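Visitor: Mind folding the following:
(chains A and B, ligands or ions: 1)
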Amino acid sequence: MLALPGEDGAIIAGGQSLLPLLNFRLAAPSCLIDIGRLDELRRIVEGDGYIEIGGLVRHCELAASAVIGEAFPLLHQAIGHIAHPGVRHRGTLGGSLAMADPAGELGACCLALEGRMSLQSVRGQRWVGAEDFFTGIYETALAGDEILTAVRLPRRGPGGIQIFKEVARRRGDFALAGLALVAGANLSNPRLALLGVADRPVLAARTMALLREDGSAMGSAVDRAVAQIGKEVDPAQDPAYPPAYRRHLVQVLLRRTLAELSP
Amino acid sequence: MSIGAEVPRDRAKRLLLGRGRFVDDISLPRMLHLAFVRSTHAHARIEAIDCAEARALEGVVAVLTAAEIADGVASWRAEHKLFPAMAAPEQFALARDIVRWQGEAVAAVVAHSRAVAEDGAELVDVSWTELPNVVDGKQALAPDAPLLHGHMDSNLAYTTVIEAGNTRKAFESADVVVEETFRFHRHTGVSLEARGIIAEFEPGEDRLTVHQSHQTPHQQQDLYARLLGLPEHKVRVICPDVGGAFGLKHHLMADELVACVAAKLLARPIKYIADRMDSFLADIHCRDHEVTARMAFSQAGDILALEVDDLFNAGAYGQYPRTSIAEGNQISRLTGAPYRHEHYRANLAMAFLNKGILGHIRSVGHPIACAVAERLIDLGAGKLELDPIAVRRRNYLHGDDFPRTSVGGVEFEHLSLRDCLDKALTMIDVARFREDQAGLRAQGIYRGLGIATFVELTAIGPEYYGEGGQHISAQETCLMRLEASGTVRCYTGATDQGQGIDTGIQQVAADTLGLPMAAIEVISGDSALCPMGGGSWGSRGAALAGEAALRAASTLRHNILAIAASLLQKDAGCLDIKAGEVVEGGITHMSVAEIARIGHFQPYTIPHGVPADLTVTARYATTGRMFLAGNGLQIATVEVDVESGIVTPLRHLVVHDCGRILNPLLVREQVRGGVVQGIGSALYEELRYDNAGHLLTGSFADYLVPMAGEMPDIEVAHIETPTATSELGAKGAGEAGTAGAVGAILNAVNDAILPLGATIAEVPITPPRLLKALGRI
Ligand SMILES: Cc1cc2nc3c(=O)[nH]c(=O)nc-3n(C[C@H](O)[C@H](O)[C@H](O)COP(=O)(O)OP(=O)(O)OC[C@H]3O[C@@H](n4cnc5c(N)ncnc54)[C@H](O)[C@@H]3O)c2cc1C
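Guide: Numbering: from 1, shown residues only, chains lettered A, B, ... in the order given. Sure, this is the predicted structure:
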């Protein structure tokens, strides 16, 4: 249906972002395509070296999944920050990623966890890495006729680090700033994804490089990383939350994260 | 006794069962829906409005602009004769020629459904010429500022000075002077149910029937009759369940009036329900004051003098019919009111701005008056190195100080300030808190304790609006009717928006009549059925409508006993009514039901001269005083994350005196709800505009309301000092929570960050503002 000429349809999954858009008259699709009965999109599949999460898996299902909790505690930490139980019982992973809110928790997590998105259309299926999937504010690599069917996350080695942190005004609000840190034991190969500080979830590449070089979360290494991340992020103008504030928050969050890692 | 008992309210049960009947639940045959085209500019000239495309849309019945309704509805001016110099520019139901705030209604689209009406509104093409705008008071009052209202020579709506003693001298001779400039940003009331109206016009009878989510049905009846040119007795305003109001719903709102005009023009029922965007743009706003205040102390900690300069950033017009002056007026009169000081000066300058109309929302002016004085006391105590609690106690009006008219001109019959403080100190161990606070600071955890004393002005008397020339009743009448079965219908002019005043009145009637609660039904919210009254605002229900009910019930009781006495051949003075039975000492003679049956069906058995009316009325209005003043204090503790700037309320306690308490359950919930609203304005709620006067907070994503998750438990205790001005002895209770919470939180946050050498005087205390104050960003 998405591919039909003359139609300007929109997929509806949990409706937790789309319905507000319709209410605000910010979206006016010619029809809604309910994908709620595509059961194959509801599965969490354990593959060889990866776990694949279907696009229709709801936030509450992710939070209840022991498999996810074991492999990706990051996701469990993050979901606690997403809205309220009512929203978490309807909102889906696919919807959240397709919506691409720059302050969305799940996008940053997928980026930190080196996720790859499966995009499918009548033309076929393709995989896009999280780094290329998010292209701008509410913008993704999804073509008009494509559905996000699943996200594949590579399993991590034992003893690794996964930490999610954010600051929001009230419990469940979108983050003013947040970070997802994923690394091997002893902070090896760190991946640090940020939310709420750019037009999309971003990796703090230079801070990651610095952490990799220093290989430590102690003393002056922390100060260097914190200083670096302050230089690295460049939040947009916002009259309520000026860039300096969000930059400061990222620094606070990084310092707190690294403090948890120091013995 | 049911007065003073913790009686749950029947209405709450029904609402919780999902069986509420709000305006939007009502659907009338042939009903049409209304949506508005609102100004996209803060200040602009309307060059042309092209409605052709909208009118051509299928489902659209009419598109109305100022021109189409000009003959059907009059304009108005928000005037107040007690403030004759206040500017009162003419306002129209739909903007004529010039729009003066973003969101002002310009055209109305009537259609078969709301969705089509909104589609139609999108098709209305307005050509604008933008005009220079003013969005802040200082800018508005600058000599070369663009003018909102062409007939005025400045944007100054009103200015006044209130003075007592000689502050200049007092400041010169003071040991310590503290000064602070405060900013209280603009917010609104945010009722769960937005404003809504259904207007139905019957041309054959010239009859307008309105269902409206409103606090004041009789006021609306009068306004609709006058503005639409209808005989008043042909206008009926019915308020079904109302889901919160907080002052948002006791004004004339232009869009609601348009619904009435449209109903009249089209002779079909018209429904308009404000959505959230409409609400933020077009509801009444509140606060938006910049206050600079100074307080002078003696070395011993006596408050010697207080000066308050209030720049009141009002809206584009005065709110109608009450005008917008009250918030500024209350600040001028109430700041420092709980304290004994002789030298006082308050300056008020109220400016028109290109922003939404500003008016009366819960606790009008109180939170600002309270926060300003309470913060200055903490600053003064700090400078004097005195315990801020001791400084308060020392300066509280007390004992022989009453009765008293304050330096700001507020009459106090009695205030129980020291008693409230003593009680509060039994609820929280301040010394222990200070110890913990010091210990935690060493760990980088910053906690603070803030205290705020307030007076609460309730039950406004008829002198304010009566002398002001407004058709607003400050008098309440109760009509009480004994049914033939011995149950009672009680019709009141007060209205219930969820606060439970129905139940309070039911308790008064039951107690006075000697009937069980279940035998009393209270009927309110209908301008045709209920006796003329003021509705509910300014915490007047218990004090005024409660007293009227007491008087009506006393008369009815008197008549019931007179009939009983004649039937029993007894002296009425020996008889009493208990649990629905007429008793004499331990003997039960007959039931009230029996008397009702005889009174209605066999009146011939009652001799002439016996007062046998079983439908009675009584009225009550206060005389000779503007307000009944209650009082109380709040103590808040908070934790401040000095890195993220997030403030977490920890404990919040309120000790409150509202005179005689009808129902502690209801009063506590009033206070708690008020505290939550106060915490909202202290930490979260703000209507932000950009420099072009565009509202940036048009939804709940940007306008943050306090949520249950962030709210502390709110502990409430009472001191009960009945007012001697009425038999019932009740004062109002609806302002208290909101009045004190801002000051308590502001002081608590400042206490927390004190060791970091920072202060903050701007609310809401957002994280960026706090971190700026701390010098961290
Ligand atoms: C009050 C509230 C608070 C919230 N707070 C947060 C928060 O703190 N953090 C957060 O991350 N989110 C938050 N959300 C958003 C929530 O997580 C949404 O569930 C999520 O963003 C969208 O998921 P959905 O399934 O509801 O998508 P929908 O609303 O159904 O769809 C969203 C968009 O994605 C498209 N879409 C949906 N599924 C697919 C698919 N499989 N393939 C391609 N396109 C698709 C739709 O066409 C639409 O454009 C909040 C929502 C609400 C209402």
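Visitor: CA atoms for contacts and neighbours, from now on please.
Guide: Fine.
Visitor: What is the neighbour count of the residue in the stretch 151-263 of chain A that the ligand sits nearest to?
Guide: Among the residues of the stretch 151-263 of chain A, residue A:174 lies closest to the ligand, at 3.7 Å counting by Cα to the nearest ligand atom. By other Cα atoms under 10 Å in any protein chain shown, 23 other residues sit near residue A:174.
Visitor: ok so it is a strand residue?
Guide: No. Assessed with DSSP: H, G, I helix; E, B strand; the rest coil, residue A:174 is coil; it does not lie in a strand.
Visitor: From what I see, it and residue A:104 are in contact.
Guide: Yes. Residue A:174 sits in contact with residue A:104 when judged by Cα atoms under 8 Å, with a separation of 6.9 Å.
Visitor: picking up where we left off before, which ones are touching the residue of the stretch 151-263 of chain A closest to the ligand?
Guide: For residue A:174, the contact set (Cα atoms under 8 Å, 6 or more residues apart in numbering or on different chains) comprises A:82, A:83, A:103, A:104, A:168.
Visitor: let's go with 10 Å and repeat that
Guide: Neighbour list for residue A:174: A:81-83, A:101-105, A:166-168, A:195-196, B:701 [criterion: Cα atoms under 10 Å, 6 or more residues apart in numbering or on different chains].
Visitor: Can I have the buried ones of those residues as a PyMOL selection?
Guide: In PyMOL, this line selects whichever of the contacts of residue A:174 come out buried by 16 or more other Cα atoms under 10 Å in any protein chain shown:
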select buried, chain A and resi 81+82+101+102+103+104+105+166+167+195+196
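Visitor: Which of the contacts of residue A:174 sits closest to residue B:78?
Guide: Among the contacts of residue A:174, residue B:701 lies closest to residue B:78 (Cα to Cα), at 33.3 Å.
Visitor: backbone phi and psi for that closest one, please?
Guide: The phi/psi pair for residue B:701 (degrees, to the nearest 10) reads phi -70, psi -30.
Visitor: Run through the residues that contact it.
Guide: Residue B:701 makes contacts with A:173, A:174, as judged by Cα under 10 Å, 6+ apart.
Visitor: Low-confidence ranges, the chain, go.
Guide: Went with chain A since none was named. Applying pLDDT under 70 to chain A flags residues A:263.
Visitor: Output the set of residues of it in proximity to chain B.
Guide: A:23-25, A:167-174, A:239-253 (Cα under 10 Å from any Cα of the partner chain).
Visitor: redo that, cut-off 8 Å
Guide: A:167, A:169, A:170, A:171, A:240, A:241, A:242, A:244, A:245, A:248, A:249, A:252 (Cα under 8 Å from any Cα of the partner chain).
Visitor: The second one reaches residue B:647, doesn't it?
Guide: No. Proximity of residue A:169 to residue B:647 does not meet the contact threshold set by Cα under 8 Å, at 9.1 Å.
Visitor: Who has more neighbours out of the two?
Guide: Taking other Cα under 10 Å, residue A:169 and residue B:647 do not tie; residue B:647 has more neighbours (24 against 19).
Visitor: Does that one touch residue B:636 like I think?
Guide: No. Using Cα under 8 Å, residue B:647 is not in contact with residue B:636; the gap is 11.9 Å.
Visitor: which ones among the contacts of residue A:174 are found in helices?
Guide: If you go by DSSP state H, those have residue A:105 in helices.
Visitor: ok, residue B:57 - contacts?
Guide: residue B:120.
Visitor: quick one, phi/psi of the residue of the stretch 151-263 of chain A closest to the ligand?
Guide: Per-residue torsions, residue A:174: phi -60, psi 150 (degrees, to the nearest 10).
Visitor: And the chain, what are its domain boundaries?
Guide: This is for chain A. According to automatic domain parsing, chain A comprises the domains A:13-20+A:40-154, A:161-261.
Visitor: that's the wrong chain, I meant chain B
Guide: Using automatic domain parsing, the domain parsing of chain B gives B:11-131+B:191-245+B:249-282, B:285-461+B:624-773, B:475-620.
Visitor: thought residue B:80 was touching residue B:323?
Guide: Yes. Between residue B:80 and residue B:323 a contact is recorded at 6.8 Å, counting by Cα under 8 Å.
Visitor: Intersect the contacts of residue A:174 with the contacts of the ligand.
Guide: When Cα under 6 Å from any ligand atom is taken as the criterion, the members of the contacts of residue A:174 that contact the ligand are A:81, A:82, A:83, A:104, A:105.
Visitor: Next up, identify which helix or strand the closest residue to the last one other than its chain neighbours is on.
Guide: Leaving aside its chain neighbours, residue A:105 sits nearest to residue A:78 (6.1 Å; criterion: Cα to Cα, 6 or more residues apart in numbering or on different chains). Secondary structure assigned from DSSP states H and E places residue A:78 in helix A:73-79.
Visitor: Residue A:164 too?
Guide: Going by DSSP H and E, residue A:164 is part of strand A:161-167.
Visitor: and that strand, how far out from the chain's middle?
Guide: Averaging C-alpha positions (Cα atoms, centre = their mean, to the nearest Å) puts strand A:161-167 12 Å from its chain's average.
Visitor: following it, which helix or strand comes up?
Guide: strand A:177-183.
Visitor: Now do the buried residues in that following strand.
Guide: By neighbour count on 16+ other Cα under 10 Å, the buried set for strand A:177-183 is A:177, A:178, A:179, A:180, A:181, A:182, A:183.
Visitor: can you list the residues that contact that strand?
Guide: By Cα under 8 Å, 6+ apart, strand A:177-183 touches A:74, A:103, A:105, A:108-109, A:112-113, A:160-168, A:189-197, A:246, A:249-250, A:253-254.
Visitor: what separates residue B:399 from residue B:377, distance-wise?
Guide: Going from residue B:399 to residue B:377 by Cα to Cα, to the nearest Å gives 21 Å.
Visitor: Just give me the longest helix of the chain.
Guide: Picked chain A for this. In chain A, with assignment by DSSP H, the single longest helix is helix A:243-261.
Visitor: meant chain B, my bad for not saying
Guide: helix B:546-568.
Visitor: Using CSV, write down the CA coordinates of it.
Guide: C-alpha atoms of helix B:546-568 as CSV (Å, rounded to 0.1, in the frame of the first residue of the first chain):
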residue,chain,number,x,y,z
GLY,B,546,-22.5,27.7,53.4
GLU,B,547,-23.8,30.5,55.6
ALA,B,548,-26.8,31.1,53.2
ALA,B,549,-27.5,27.3,53.4
LEU,B,550,-27.3,27.4,57.2
ARG,B,551,-29.8,30.3,57.3
ALA,B,552,-32.2,28.7,54.9
ALA,B,553,-32.0,25.4,56.8
SER,B,554,-32.6,27.3,60.1
THR,B,555,-35.8,28.8,58.6
LEU,B,556,-37.0,25.5,57.2
ARG,B,557,-36.3,23.8,60.6
HIS,B,558,-38.2,26.5,62.3
ASN,B,559,-41.2,26.0,60.0
ILE,B,560,-41.0,22.2,60.4
LEU,B,561,-41.0,22.5,64.2
ALA,B,562,-43.8,25.1,64.1
ILE,B,563,-46.0,22.7,62.2
ALA,B,564,-45.0,19.9,64.5
ALA,B,565,-45.7,22.0,67.6
SER,B,566,-49.2,22.9,66.3
LEU,B,567,-50.0,19.3,65.5
LEU,B,568,-48.7,18.1,68.8
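Visitor: Of all residues in the chain, which one is nearest the centre?
Guide: You didn't say which chain, so I picked chain A. With distances taken as Cα atoms, centre = their mean, residue A:107 lies nearest the centre of chain A, 1.6 Å away.
Visitor: ah, no, chain B please
Guide: Note: chain B centre (Cα atoms, centre = their mean) maps to residue B:362, 3.1 Å.
Visitor: Am I right that that one is in a strand?
Guide: No. The assignment for residue B:362, made by three-state DSSP, is coil rather than a strand.
Visitor: wait, it sits on residue B:190?
Guide: No. At 10.9 Å, residue B:362 does not count as touching residue B:190 under the criterion of Cα under 8 Å.
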